[in-house]
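Colleague: Pasted the sequence and its predicted model underneath.
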Amino acid sequence: MSDKKIRVLIAKPGLDGHDRGAKVIARALRDAGMEVIYTGIRQTPEMIAEAALQEDVDVVGMSILSGAHMALFPKVMDLLRQNGLDDVLVVAGGIIPDEDVPALRQMGIQGIFGPGTPTDQIVNFIREKVQ
Amino acid sequence: MFDQEKLKSLQERRAQWEETTLRKTLDRFPERMARFMTTSGAPVERLYTPLDVADLDYERDLGFPGEYPFTRGVHATMHRGRLWTMRMFAGFGTAEETNARYKYLLEHGETGLSVAFDMPTLYGYDTDDPHALGEFGKCGVAVSSLADMEILFDGIPVDRVTTSMTINSPAAVIWAMYIAMAEKRGIPMHLLGGTIQNDILKEFIAQKEFIFPPAPSMRLVVDTFEFGSRHLPRWNTISISGYHIREAGSTAAQELAFTLADGMEYVRWGLARGLDVDEFAPRLSFFFNSHNDFFEEIAKFRAARRIWAREMRQTFGAKDPRSWLLRFHTQTAGCSLTAQQPENNIVRTAWQALAAVLGGTQSLHTNSMDEALALPSEYAVKIALRTQQLIAHESGVVNTVDPLAGSYFVEALTNRLEQEAYRYFRQIEALGGVIPAIEKGFFQREIAEAAYRYQMEIDTHQRTVVGVNDYVEDRPLTIPLLEMDPQGYERQVARLERVRRERDHERVGATLEALRQAARGSDNTMPYILDCVRAYATLGEIMGVFRQVFGEYREPTII
């Protein structure tokens, strides 16, 4: 790994305002030495892809608890690709049923972290993937 | 309450015990941890004695149930007279599906209804709005117009069953739809009983379902206070909520303090409107979380009653004893549920519910075991409801009023939480009050810090969560989860399109325009909203008027 700090965008797509998890992860990543940009709540896929581009991030982490992930995540992935951000690591967390996981991996979301995941597991995952 | 001489001798006796019996034990069997703490991270001592509540004055601090300061309960007989209302928060998919769930719950002994709305409804969008993409029916039921409300309550005796509706920014509109639904069935509004959550301050603080900036949001809330006090005497026009503050990660003390600070802010706004405090305060109600720490939660409920009674009587000069009462609904802690080994959640919920009952709750929702995974299945929700029935009829805890009063520990905790609440009140005041504190991100930062601390305690194993960081099993999920109608979205959108097509267009336009004028001026908006919903204007259209007049709020982003 290079000495450059890993840059992470933590985003909350959709309408739900449950931002406890997103904020805890944002702080944990920051405490682990990463640069963290938190979008705040109610972000559209367009806003997330735009922020990822503008902020030149290595990682996009999305948190959603409303159940709208199967509608919103594919849009974000398409827009990231259109913005030439194919190499950005995308991870997701929140309430995501097991049955949706294969499809999400298929569309390129590499890490999916459900409730109860220790924060250091997420930190380590990101460090391993971002070289 | 205690004789000074006796306390002095007790102090000596205690020191002696520490030197002898305790020391001997500790030498042989050290305690399991260096520090014991509550779920909120507050220290817990080894032993509580009269020395820890030496200043307690029975009449001043506890009194008798049904009398000031209501520490022991708001009714003289509490659950001996009437059990709490068993009110399960429910809603998903279409109005038809949720209506069936309500009937199922009532059939199994539920005694009050509680509506969960979906995200688009909570944000004042119709189901087919582009902002609503993917969100239909996921977290609750979609209600876009009076037509949905009619189906939602079809066949349910709304003149006899009370209904609580968890709705905030669009509370006035959804309430108007409920009133209009009853009206169409020939039930006049003064007979309706229930609650709208309508607590916008905690939305800014924790739950984040705000739309408009604070001032116009508060104006709509006060409009409902005024309208309710004149026309719906049995309706709680607000449920001042600590629940979401706690779910966002706060401590028990923060939940208590921020909720009561919000309550007092609503009273100030009501007074500023020119209302008499006793005109609206009796219809203010509260909503708390019941988290894991059994005694801390019970103490929190007791402290809340005492603080509210004192503030209403002394600070706001309320004369009607009903204005002093802190009546509350409780929900067990959703954030304590684990996705791992979901059956364990039945047990967590049971003792959380027991704490709420021992704390003197007026109504209760018990979470279902599957709620860390999905909305509750019929199977899971029935067990959650049965949990309340078991407590009510088998545990024996309802047989006497406030049975934990006089426990040195519980009284000391009650006092401590009360003191912490007053510390926060002073801090909030120093920031210029609740709304300036929101705008400065004070509450959000306090809560985020507590949430982070809690997570770190779990990650570093200072705190054990069974099935998550200890006693872990790797086995597939075995409980059945809720499945929704796959055609629900199409059915809902078809209904919405039919409503838009078949209604009296001129009347819709005229009522919306009248509402716009009212919103721009200072009239109470409720009668105008009622006219709009009666004309089948949709939620999105009505909220659209307010969005244009009031603008939308963006919060400071705080990690």
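Modeller: Ah, there it is.
Colleague: what does the stretch 151-300 of chain B have sitting close to chain A?
Modeller: Contact residues (C-beta under 8 Å from any C-beta of the partner chain) of the stretch 151-300 of chain B with chain A: B:203, B:207-209, B:247-249. No exception for glycine: its C-beta is placed from N, CA and C like everyone else's.
Colleague: Out of those residues, which is nearest to chain A?
Modeller: Checking those against chain A by C-beta to the nearest C-beta gives B:K208 as the nearest, at 2.7 Å.
Colleague: so B:S169 touches B:I211, yeah?
Modeller: Yes: judged on C-beta atoms under 8 Å, B:S169 makes contact with B:I211 at a distance of 4.2 Å.
Colleague: and for these two, which residues touch both?
Modeller: B:123-124, B:217, B:543 (C-beta atoms under 8 Å, 6 or more residues apart in numbering or on different chains).
Colleague: Helix, strand or coil: sort out the spatially most central residue of chain B for me.
Modeller: Nearest to the mean C-alpha position of chain B, counting by C-alpha atoms, centre = their mean, stands B:F287 at 3.0 Å. Under DSSP: H, G, I helix; E, B strand; the rest coil, B:F287 falls in the strand class.
Colleague: So it sits against B:E247, correct?
Modeller: No: B:F287 is not in contact with B:E247 according to C-beta under 8 Å; the separation is 11.5 Å.
Colleague: Leaving out sequence neighbours, find the closest residue to B:E279.
Modeller: Of all residues not flanking B:E279 in the chain, B:S229 sits nearest, at 5.0 Å (C-beta to C-beta, 6 or more residues apart in numbering or on different chains).
Colleague: The one you found and chain A, how far apart?
Modeller: Look at B:S229 and chain A: by C-beta to the nearest C-beta, to the nearest Å, they are 30 Å apart.
Colleague: ok, that residue - how many residues close by?
Modeller: Other residues lying near B:S229 total 20 when counted by other C-beta atoms under 10 Å in any protein chain shown.
Colleague: Kindly report the same for B:P50.
Modeller: When neighbours are defined as other C-beta under 10 Å, B:P50 has 17 of them.
Colleague: Using the three-state scheme, assign the closest residue to it other than its chain neighbours.
Modeller: Spatially, and ignoring its direct neighbours in sequence, B:P50 is nearest to B:F2 (5.0 Å; C-beta to C-beta, 6+ apart). Look at B:F2: counting by three-state DSSP, its state is coil.
Colleague: picking that back up, if I look at the residue nearest to the centre of chain B, what pLDDT would I see?
Modeller: Here, the pLDDT recorded for B:F287 equals 98.
Colleague: repeat for B:S323
Modeller: Predicted confidence (pLDDT) for B:S323: 98.
Colleague: residue contacts, it?
Modeller: B:277-278, B:281-282, B:312-313, B:316.
Colleague: Identify, from those, the entry nearest to B:P436.
Modeller: Nearest to B:P436 among the contacts of B:S323 is B:F316, at 20.4 Å by C-beta to C-beta.
Colleague: The closest one touches B:L275, doesn't it?
Modeller: No: shown here, B:F316 and B:L275 do not form a contact pair, counting by C-beta under 8 Å, at 11.6 Å.
Colleague: Overlap in contacts, these two.
Modeller: By C-beta under 8 Å, 6+ apart, no residue touches both B:F316 and B:L275.
Colleague: Next up, phi/psi of the residue nearest to B:P50, please.
Modeller: The phi/psi pair for B:F2 (degrees, to the nearest 10) reads phi -110, psi 150.
Colleague: ok, how many other residues are close to it?
Modeller: That count, for B:F2 with other C-beta under 10 Å as the rule, works out to 13.
Colleague: Which pLDDT value goes with it?
Modeller: Note for B:F2: predicted pLDDT of 86.
Colleague: any idea how far B:Q16 is from it?
Modeller: 19 Å (C-beta to C-beta, to the nearest Å).
Colleague: ranges for the strands of chain A?
Modeller: Taking DSSP state E as the test, the strands found in chain A are A:7-11, A:35-38, A:59-64, A:89-94, A:111-113.
Colleague: how about the last one, does it get close to chain B?
Modeller: No: with C-beta under 8 Å from any C-beta as the criterion, chain B is not reached by strand A:111-113; the gap is at least 11.2 Å.
Colleague: What strands line up against that strand, and which way round?
Modeller: Applying DSSP bridges, strand A:111-113 is found paired with strand A:89-94 (parallel).
Colleague: How about the secondary structure of B:L201?
Modeller: Going by three-state DSSP: B:L201 is helix.
Colleague: who's in contact with the closest residue to it other than its chain neighbours?
Modeller: With sequence-adjacent residues excluded and distances taken as C-beta to C-beta, 6+ apart, B:L201 is closest to B:D262, at 4.2 Å. Applying C-beta under 8 Å, 6+ apart to B:D262 gives the contacts B:199, B:201-202, B:205, B:240, B:434.
Colleague: and which of those is nearest B:F36?
Modeller: Among the contacts of B:D262, and counting by C-beta to C-beta, the member closest to B:F36 is B:I205, at 29.6 Å.
Colleague: And that closest one, its phi and psi?
Modeller: Note on B:I205: its backbone torsions stand at phi -80, psi -40 [degrees, to the nearest 10].
Colleague: count of neighbours near it?
Modeller: Using other C-beta under 10 Å, B:I205 is surrounded by 31 other residues.
Colleague: Not counting residues beside it along the chain, what's closest to it?
Modeller: The spatial neighbour of B:I205 that comes closest, neighbours along the chain excluded (C-beta to C-beta, 6+ apart), is B:F443 at 4.2 Å.
Colleague: In which helix or strand does that neighbour reside?
Modeller: helix B:442-459 (DSSP states H and E).
Colleague: hang on, the earlier thing: ok, the residue nearest to the centre of chain B - contacts?
Modeller: B:F287 touches B:197, B:199, B:239-243, B:328-331, counting by C-beta under 8 Å, 6+ apart.
Colleague: Out of those residues, give me the one that has the most neighbours.
Modeller: In terms of neighbours by other C-beta under 10 Å, these top out with B:S241 at 33 neighbours.
Colleague: Just grab the bridge partners of that one for me.
Modeller: Here B:S241 sits in beta bridges with B:F287, as judged by DSSP bridges.
Colleague: Quick check: it vs chain A, distance?
Modeller: From B:S241 to chain A the distance is 14 Å (C-beta to the nearest C-beta).
Colleague: follow-up on the earlier one: nearest to B:E97, of the contacts of B:D262?
Modeller: Distances from B:E97 to these, taken by C-beta to C-beta, are shortest for B:D199, at 27.0 Å.
Colleague: For the closest one, list the residues it contacts.
Modeller: Contacts of B:D199 by C-beta under 8 Å, 6+ apart are B:168, B:221, B:238-241, B:262, B:287.
Colleague: so who does the closest residue to it other than its chain neighbours touch?
Modeller: Nearest residue to B:D199 in three dimensions, chain neighbours excluded: B:S241, at 4.8 Å (C-beta to C-beta, 6+ apart). B:S241 sits next to B:197, B:199, B:202, B:207, B:259, B:286-288 when contact means C-beta under 8 Å, 6+ apart.
Colleague: So which of the residues you listed is the closest to chain A?
Modeller: Top of the list for closeness to chain A, among these and by C-beta to the nearest C-beta, is B:Q207 at 5.6 Å.
Colleague: Count the neighbours of B:H505 for me.
Modeller: Neighbours of B:H505 under the rule other C-beta under 10 Å: 11.
Colleague: meant to ask about B:L191
Modeller: Residues within reach of B:L191, counting by other C-beta under 10 Å, total 13.
Colleague: so what does the helix or strand hosting the residue nearest to B:E279 touch, helix or strand wise?
Modeller: For B:S229, the element it lies in under DSSP H and E is helix B:214-231. Where contact means 3 or more C-beta pairs under 8 Å, 6 or more residues apart in numbering or on different chains; DSSP states H and E, helix B:214-231 is packed against helix B:171-184, helix B:200-202, strand B:238-241, helix B:252-272, helix B:277-280, helix B:434-439, helix B:526-534, helix B:539-550.
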